[in-house]
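Engineer: compute the structure for the input listed below.
(chains A and B)
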Amino acid sequence: MDEVNPYKSLRNRAIYFGVCMALIFLRLIPLDLEPNKVGMPDFILCITAAIVIRKAIIAPYVLVGLVFLIADIMLSRPLGLGALIGVVGIEIVRNNRFSFREMFFLSELFLMAILFALMAFAQQLALSLVLADRLPLHSVLIQLVTTIACYPIVVFVISQMLRISKPAPGEFNAFGHKL
Amino acid sequence: MAHRNDQSVNFGRTLGRIGFGLFLVLLLAVFLVWRIDNSRAERFRSAVIDKVVPNMDWAMTPITKATQMAEDFQSYERIYQQNQELRRQLQQMKAWREAALQLEQENARLLDLNNVKLNPRRTYLSGELITDSGSPFRQSSIINIGRRDGVKEGWAAMDGLGLVGHIAGLGENTARVIFVTDTASNIPVIIKPSDQKAILTGDNTLLPQLQFIESINQVKPGDRVFTSGDGGVFPSGLLVGQVALGADGILRTKLSADYRRLKFLRIIRHTPATPIAEPDRLIGPVLPVPKPTEVIPPEETADGRG
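Structural biologist: Presented below is the predicted three-dimensional model:
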C-alpha cells in the first residue's frame, strides 16, 4: 500500500538507490586486480527487475535510468548505453508485471534469463552498429550466466528477508486501484 | 488524486508516455555523444571520478584492509611450508646475486672501454591504487595522482619490477591506468635476445598475447620481453615479462608485475626524444637554422667575410 503513504515510498526509493550505490562502490574496491575468470554478476539489474515485479512504485523509470547511468560512469562502460538498454528492459518487465505475478517462480526465472540475454545481445549489437569496440564475447556470456544464477538468490532476499512480496492477484490498494 | 475521472487519468498516462520517450531519447543522446565526441565524454567521466572517488576513501580503506588482513590470516596456516620455500629460494638468489655482481662489474669495465653513453636515469612518480575498474570487461584502475602532480597521458606504470600499464584518462587528482591485460592495450615490445619486435595485446587474461612477431622461429619460451619504445609514446627498455607458449600454440607473455599484490605504482616520467629528421641532426649540437632572408648578393658576402 505504498500509494497511501508517500513518505514510505520515498523512503523505499531512497533505500533502493542507496543499495545500488553501495553495490557500485563495492565493485570499485581494489581487492583483486587480476583479470578474473568468473565475471561479477550484474546485481543491480537483478534487484531492479525483482523489485519492479513485486512493487513497481519503488523503482520508477527515472530512478532506474539514473542508477544505471551512474553505474555506466563509474564502471567505465559505454556512457548511456547500459542505462538505455536497462530502462527499456526494466520497462518491459514493468508492463508485464501482472503476468509475472501470476506465474510460478521457474517460469519467471526462465523469462528473466531470456530478457537478460536479449539485453546483452542488444548491447553488443548497438556497439557494433556505432563501430565501437565490442565487449569480449566469453566475458559477456560468463556475466550473463552468473547474473541469471544470482536472480533466485536476489529474489529470495527481497521476498523473504525484506518481505517485499508479490501482491496476490486481485489485491487492491486503498483507492481501489489494481496493484 | 482519488477523484480523478477517466479522461484526466488518460491525459496523465499520455503525458507519462511522452516523458518516458523523452527520457529514452536523452539516454540515446548521451550514448551517441559518448561515441561521437569520445575524448570529451571520457574527460567528463574522469572529472566525475575525480570528484567522487577520493571522497570514498574513508569507506574504502577499512574494507580493503579488513579483506587483506583476512587473507594474511589465511596464509598463516601454511607459514611453515612458505618459510622452507623462501629459504630455498633465498639460497638460489644468493648465487644469482653473486653472478649479477660479477656481470655488473664486467659490464661497467666494457662500457668504460667502449666509452658508451647511456640514457640518463629515469625518474618516476609513485601513486597508490584507489579503485578497481569494477567491470569484468575492463582491466584498469584509478590511482591517486593526476594532472596536478604532472602526470601525462601515455606514461608507463610499473610495479617494482615489471610493466603494469599506461595512463589513459586524467583527472585533476586521479588518473586511470589501463593494464596491459586490457583488450584495448597494444604495446610495442622487443624480445631479447633475438631482438624480435612484436605487439603485446591484452585479452583479459593474465597472459597477454604477442602478435606480429617478425620471425616466430627465433622466439623461444623463456625469452625476456621489454618495451621497445617504438612509436615514441612509451619509454624503451622497461621489463614486461617472459615469453610463454600457451596450450593453444599462441605465444604469450608471463608478466613480471605481480597483479595480485598491486598497491603502489611507479609512473615513469617520459618525454619522447626529438625525432631525427635531417642527417645533420645525427651528430653534434643543433646547428643554427638558416634564415629564409639570407639570400645576399655575392659582393656583400665577400665584404662580410673580409
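Engineer: so what's the residue at minimal distance from the centre of chain A up against?
Structural biologist: Centroid-nearest residue in chain A: residue A:45, 2.4 Å away (criterion: C-alpha atoms, centre = their mean). Residues in contact with residue A:45 (C-beta atoms under 8 Å, 6 or more residues apart in numbering or on different chains) are A:86, A:89, A:116, A:119, A:147. C-beta: built from backbone N, CA, C; applies to glycine.
Engineer: longest helix in chain A, please.
Structural biologist: helix A:105-129 (DSSP state H).
Engineer: tilt between the helix or strand just after that helix and helix A:105-129?
Structural biologist: Sequence-wise, the next helix or strand downstream of helix A:105-129 (DSSP states H and E) is helix A:137-156. Counting by axes from the mean of the first three to the mean of the last three C-alpha atoms, to 10 degrees, helix A:137-156 lies at 150 degrees to helix A:105-129.
Engineer: got the domain boundaries for chain B?
Structural biologist: For chain B, the structural domains run B:11-45, B:79-114, B:124-268, going by automatic domain parsing.
Engineer: which of the contacts of residue A:45 are buried? Put it as a ChimeraX command.
Structural biologist: A single ChimeraX command selects the buried members of the contacts of residue A:45 (16 or more other C-beta atoms under 10 Å in any protein chain shown):
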select /A:86,89,116,119,147
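Engineer: thinking again about what came up before, please identify the most buried of the domains of chain B.
Structural biologist: Of these, the one with the most neighbours on average (mean count of other C-beta atoms under 10 Å in any protein chain shown) is domain B:124-268, at a mean of 19.
Engineer: do that domain and chain A meet?
Structural biologist: Yes - using C-beta under 8 Å from any C-beta of the partner chain, domain B:124-268 comes into contact with chain A via B:129-141, B:176, B:179, B:181, B:183-184, B:203-206, B:259-260, B:262.
Engineer: ok, stretch B:64-72 next?
Structural biologist: Yes - on the criterion C-beta under 8 Å from any C-beta, stretch B:64-72 is in touch with chain A at B:64, B:67.
Engineer: flag the shaky bits of the chain, pLDDT-wise.
Structural biologist: In the absence of a named chain, chain A is used. A:1-5, A:31-32, A:36-39, A:168-179 (pLDDT under 70).
Engineer: that's the wrong chain, I wanted chain B
Structural biologist: Residues of chain B that meet the cut-off, pLDDT under 70, sit at B:1-9, B:116-122, B:272-306.
Engineer: where do the helices sit along it?
Structural biologist: Under DSSP H, chain B gives helices at B:6-36, B:38-52, B:57-75, B:79-114, B:298-305.
Engineer: for residue A:102, which of those helices is the nearest?
Structural biologist: Distance to residue A:102, taken as C-beta to C-beta, is lowest for helix B:6-36 among those, at 23.1 Å.
Engineer: what helices and strands are in contact with that closest one?
Structural biologist: helix A:61-74, helix A:81-95, helix B:38-52 (3 or more C-beta pairs under 8 Å, 6 or more residues apart in numbering or on different chains; DSSP states H and E).
Engineer: how about the contacts made by the most centrally placed residue in chain B?
Structural biologist: Central residue of chain B (C-alpha atoms, centre = their mean): residue B:166, 1.4 Å from the mean position. Contact analysis of residue B:166 by C-beta under 8 Å, 6+ apart lists B:154, B:155, B:156, B:157, B:177, B:178, B:185, B:187, B:233, B:234.
Engineer: could you pull up the residues touching the first one?
Structural biologist: When you say that, I think you mean residue B:154. B:166, B:167, B:168, B:233, B:234, B:270.
Engineer: ditto for the last one
Structural biologist: In this structure, residue B:234 makes contact with B:154, B:156, B:166, B:187, B:188, B:227, B:270, judged by C-beta under 8 Å, 6+ apart.
Engineer: remind me which helix or strand the residue lying closest to residue B:59 once chain neighbours are set aside belongs to.
Structural biologist: Excluding the flanking residues, the one nearest residue B:59 by C-beta to C-beta, 6 or more residues apart in numbering or on different chains is residue A:25, at 7.1 Å. For residue A:25, the host element (DSSP H and E) is helix A:6-28.
Engineer: from chain A, how far off is residue B:185?
Structural biologist: 12 Å (C-beta to the nearest C-beta, to the nearest Å).
Engineer: name the nearest residue to that residue, ignoring sequence neighbours.
Structural biologist: Nearest to residue B:185 is residue B:202, by C-beta to C-beta, 6+ apart, at 4.3 Å.
Engineer: who's in contact with that neighbour?
Structural biologist: Counted by C-beta under 8 Å, 6+ apart, residue B:202 has contacts B:139, B:179, B:180, B:181, B:182, B:183, B:184, B:185, B:186, B:208, B:209.
Engineer: what about 7 Å?
Structural biologist: Residue B:202 is in contact with B:139, B:179, B:180, B:181, B:182, B:183, B:185, B:208, counting by C-beta atoms under 7 Å, 6 or more residues apart in numbering or on different chains.
Engineer: near chain B, which residues of chain A show up?
Structural biologist: A:24-25, A:27-31, A:33-35, A:39-40, A:61-62, A:65, A:73-81, A:83-84, A:87, A:130, A:132-133, A:135-136, A:139, A:143, A:175 (C-beta under 7 Å from any C-beta of the partner chain).
Engineer: which parts of the longest helix of chain A are buried?
Structural biologist: Applying 16+ other C-beta under 10 Å to helix A:105-129 flags A:108, A:111, A:112, A:113, A:115, A:116, A:117, A:119, A:120, A:123, A:126, A:127 as buried.
Engineer: grab the nearest non-local neighbour of the first one.
Structural biologist: Put plainly, it is residue A:108. Closest to residue A:108 by C-beta to C-beta, 6+ apart is residue A:100, at 5.7 Å.
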